[in-house]
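J.: need a 3D model of the following:
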Amino acid sequence: MGNYDDIINLPHPESKKHPKMPALDRAAQFSPFAALVGHNAAVTETARLTESRMELDEIRKEELNEQLQLLKEQLLQKPQVSITYFVPDSKKDGGVYLTATGTVIKIEEARHQVILENGTVIPMEEIYEMESTFFEYADD
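T.: Alright, predicted model coming up:
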């Protein structure tokens, strides 16, 4: 006869005072201790890539100014435009280039902003490129 033969087939004891702990909570008891809180976030942030801002020459700046002026003159015709612009990163050097496409509803010269119908606000000094059929007709 073995040491545990008298209890081996008995049901597992259940407490009448304490409810059974869910398996997820039990597993959390044994999760690894994070001694370096925030370390993974810092490593991830350092590894995140950003783009450098591309500087425009004076000729390109003048072209963009002419395109903005043309858009301003055509606001009543609700011009459709695709604008590629730079968004500086708030945590590190560089940023990302985004392209927004939509109808221009307002050009605020005092605030240096282009506002699209979908609510996108684009700082004029961050614009890198603009495309619109209005520009193609203006060249003719």
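J.: and the longest strand along the chain, how far from the chain's centre?
T.: In the chain, with assignment by DSSP state E, the single longest strand is strand 95-108. Here the centre of strand 95-108 is set off from its chain's centre by 15 Å, with CA atoms, centre = their mean, to the nearest Å.
J.: got the contact list for it?
T.: The contact list for strand 95-108 (CB atoms under 8 Å, 6 or more residues apart in numbering) reads 50-51, 53, 68, 71-72, 75, 78-89, 113-118, 120, 122, 128. C-betas here are computed from N, CA, C, even on glycine.
J.: what's the average pLDDT for the host helix or strand of Phe134?
T.: Taking DSSP states H and E as the criterion, Phe134 maps to helix 133-139. The average of the pLDDT scores along helix 133-139 is 71.
J.: pull out the buried positions in stretch 104-111.
T.: Going by neighbour count (16 or more other CB atoms under 10 Å), the buried part of stretch 104-111 is 104, 107.
J.: same question for the longest strand of the chain, mean pLDDT?
T.: 94.
J.: go on, stretch 40-59?
T.: Mean predicted lDDT for stretch 40-59 stands at 83.
J.: next one: it to chain centre, how far?
T.: The answer for stretch 40-59 is 13 Å, by CA atoms, centre = their mean.
J.: and if you look at stretch 100-115?
T.: With CA atoms, centre = their mean, you get 21 Å for stretch 100-115.
J.: stretch 118-134 now?
T.: That offset, for stretch 118-134, works out to 18 Å (CA atoms, centre = their mean).
J.: centre of the chain to the longest helix along the chain, how far?
T.: Longest helix of the chain, by residue count under DSSP state H: helix 58-73. Relative to the mean C-alpha coordinate of its chain, helix 58-73 is positioned 28 Å out (CA atoms, centre = their mean).
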